[in-house]
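S.K.: quick one: sequence and predicted model below, then my questions.
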Amino acid sequence: MAIEKEKKTCGQVMTEWKEFVWNPRTHEFMGRTGSSWALILLFYLVFYGFLTAMFTLTMWVMLQTMDAHLPKYQDRLSIPGMMIRPKTDALDITYNITNTETWDSYVKMLNNFLEPYNDSIQLANNDNCTPGRYNEQPDNNGVLNYPKRACRFNRTLLKECSGLNDTTFGYREGRPCILIKMNRVINFFPGANHTINVTCAAKKEEDVLKLGDMAMYPDNGNIDLMYFPYYGKKVHVNYTQPIVAVKFLNLTRDTDHNVECRINAANIVTADDDRDKFAGRVSFKIRIDKE
Ligand SMILES: *[C@@H]1O[C@H](CO)[C@@H](O)[C@H](O)[C@H]1NC(C)=O
Ligand SMILES: *[C@@H]1O[C@H](CO)[C@@H](O)[C@H](O)[C@H]1NC(C)=O
Ligand SMILES: *[C@@H]1O[C@H](CO)[C@@H](O)[C@H](O)[C@H]1NC(C)=O
Ligand SMILES: *[C@@H]1O[C@H](CO)[C@@H](O)[C@H](O)[C@H]1NC(C)=O
Ligand SMILES: *[C@@H]1O[C@H](CO)[C@@H](O)[C@H](O)[C@H]1NC(C)=O
Ligand SMILES: *[C@@H]1O[C@H](CO)[C@@H](O)[C@H](O)[C@H]1NC(C)=O
Ligand SMILES: *[C@@H]1O[C@H](CO)[C@@H](O)[C@H](O)[C@H]1NC(C)=O
Ligand SMILES: *[C@@H]1O[C@H](CO)[C@@H](O)[C@H](O)[C@H]1NC(C)=O
């Protein structure tokens, strides 16, 4: 039978295999002569060398078009977002004065947030800038002006809400402070040369009396122009963004208060656009339970 004819002994297979690996007659290794192997090796060397060169070149060209200090594509809104501190998931600040544990974490968050604003740190890291105008630090004809200096925002500017004299930020007497910050937008000049400020109010007209009076720090909730523009994390190393504090002086107890704070600046539109609730404004709930 055919199959039996083809059948080889174990010894034959071994000899054939040995001859395939090294054939002393034809001087072939694995079925190829030395020069054939050399050609193949050369081919792959050139082939992969070419691929590597292509890849490196493409990467290099890409990197040439990028600025190490500025994001190439910035799809951020030109309307800066706003956020509060202390920040909770639902932006809901609820507490009970007699139950210290309910507000302890808020005070901790505020202290942590304000640490970089300590006057001593601001004095060491940042400059005393001229108030009322932008702190522009342009690059001169391609000569990079890096790193850029930042302006001082002293913690003491927040007065009653600095947590310095009143270490509980008013939470203990039921006159709590909330800090409001505007998110950083690179190369943005808010206000277009006019003063900017933050104002807070009850979300509904009829709740204004229940919300009671508020105090703003710095005065009038002003944000000085000298804290702008922001040049980006890598360049503007010691930048501390300006903040505004609101202190609720006479909150009606056991009531949910819906508050909205917005920024007033000539070039920031805060129209009631429900698509982005945080564009130029922030809403939060505050409630103090009767002791
Ligand atoms: C506030 O906390 C105190 C002490 O824990 C408790 O007795 C009181 O019932 C709490 N009040 C409310 C409205 O939760
Ligand atoms: C900042 O000031 C607060 C209050 O004086 C102090 O407790 C804290 O240790 C200071 N932090 C730094 C980093 O200096
Ligand atoms: C911040 O405080 C330092 C001293 O701690 C003072 O020299 C500087 O004028 C203050 N700057 C502002 C903007 O208040
Ligand atoms: C940032 O702060 C550090 C620490 O005080 C200081 O050495 C450095 O000069 C500051 N850099 C700039 C660009 O302000
Ligand atoms: C803290 O209190 C002292 C004395 O009452 C006052 O001189 C100082 O301005 C207060 N500081 C702040 C940040 O409110
Ligand atoms: C602010 O005013 C100065 C001087 O009038 C002008 O050069 C600059 O372009 C203005 N900046 C903005 C953002 O409007
Ligand atoms: C805030 O700024 C707006 C315009 O930018 C101004 O009309 C308003 O009077 C300012 N409010 C305060 C309290 O300074
Ligand atoms: C606090 O608000 C109540 C009404 O909710 C009002 O009667 C009272 O006069 C206010 N107190 C102060 C100091 O404004």
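M.R.: Happy to help now that I have it. Ligands and ions are numbered 1, 2, ... in the order given.

S.K.: for residue 145, which non-adjacent residue is spatially closest?
M.R.: residue 139 (4.8 Å; Cβ to Cβ, 6 or more residues apart in numbering). The C-beta positions use only the backbone N, C-alpha and C, and glycine is treated the same way.

S.K.: got the phi and psi for the residue nearest to residue 238 when sequence neighbours are not counted?
M.R.: In space, and not counting its chain neighbours, residue 238 is closest to residue 125: 4.1 Å by Cβ to Cβ, 6+ apart. Backbone geometry at residue 125, expressed as degrees, to the nearest 10, gives phi -100, psi -30.

S.K.: quick one: residue 125 from ligand 4, how far?
M.R.: Applying Cβ to the nearest ligand atom, to the nearest Å, the value for residue 125 to ligand 4 is 4 Å.

S.K.: hmm, that residue is touching residue 236, no?
M.R.: No - with contact defined as Cβ atoms under 8 Å, residue 125 does not reach residue 236; the gap is 11.4 Å.

S.K.: what do those two both touch?
M.R.: residue 150 (Cβ atoms under 8 Å, 6 or more residues apart in numbering).

S.K.: who's more crowded, those two?
M.R.: residue 236 (21 against 15; other Cβ atoms under 10 Å).

S.K.: residues in contact with the more buried one?
M.R.: Residue 236 makes contact with 147-148, 150, 230 under the criterion Cβ under 8 Å, 6+ apart.

S.K.: emit the ChimeraX select command for whichever of those are buried.
M.R.: Per 16 or more other Cβ atoms under 10 Å, the buried members of the contacts of residue 236 correspond to this ChimeraX selection:
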select :148,150,230
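
S.K.: may I see the contacts of residue 236 arranged in JSON lines, with secondary structure as well?
M.R.: JSON lines is the format used below for those (DSSP: H, G, I helix; E, B strand; the rest coil):
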{"residue": "147", "secondary structure": "coil"}
{"residue": "148", "secondary structure": "coil"}
{"residue": "150", "secondary structure": "coil"}
{"residue": "230", "secondary structure": "strand"}
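
S.K.: of the contacts of residue 236, which is the nearest to residue 35?
M.R.: Top of the list for closeness to residue 35, among those and by Cβ to Cβ, is residue 147 at 60.7 Å.

S.K.: now that closest one: how far from residue 139?
M.R.: 12 Å (Cβ to Cβ, to the nearest Å).

S.K.: against residue 215, how distant is whichever residue of the stretch 51-200 of the chain sits closest to ligand 8?
M.R.: Minimum separation of the stretch 51-200 of the chain from ligand 8 (Cβ to the nearest ligand atom) falls at residue 175, amounting to 10.3 Å. To residue 215, residue 175 is 9 Å away according to Cβ to Cβ.

S.K.: the more surrounded of the two?
M.R.: Set residue 175 next to residue 215 and count neighbours by other Cβ under 10 Å: residue 175 wins out with 20 against 17.

S.K.: once you drop chain neighbours, what's closest to that one?
M.R.: Excluding its sequence neighbours, the residue lying closest to residue 175 (Cβ to Cβ, 6+ apart) is residue 249, at 5.5 Å.

S.K.: residue contacts, that neighbour?
M.R.: Counting by Cβ under 8 Å, 6+ apart, residue 249 touches 175, 212-215.

S.K.: can you tell me which of these are in helices?
M.R.: Residues of those located in helices (DSSP state H): none.

S.K.: ok so, going back, ok now do the residue of the stretch 51-200 of the chain closest to ligand 8, which residues does it touch?
M.R.: 247-251.

S.K.: got the phi/psi numbers for it?
M.R.: Dihedral angles (degrees, to the nearest 10) for residue 175: phi -120, psi 70.
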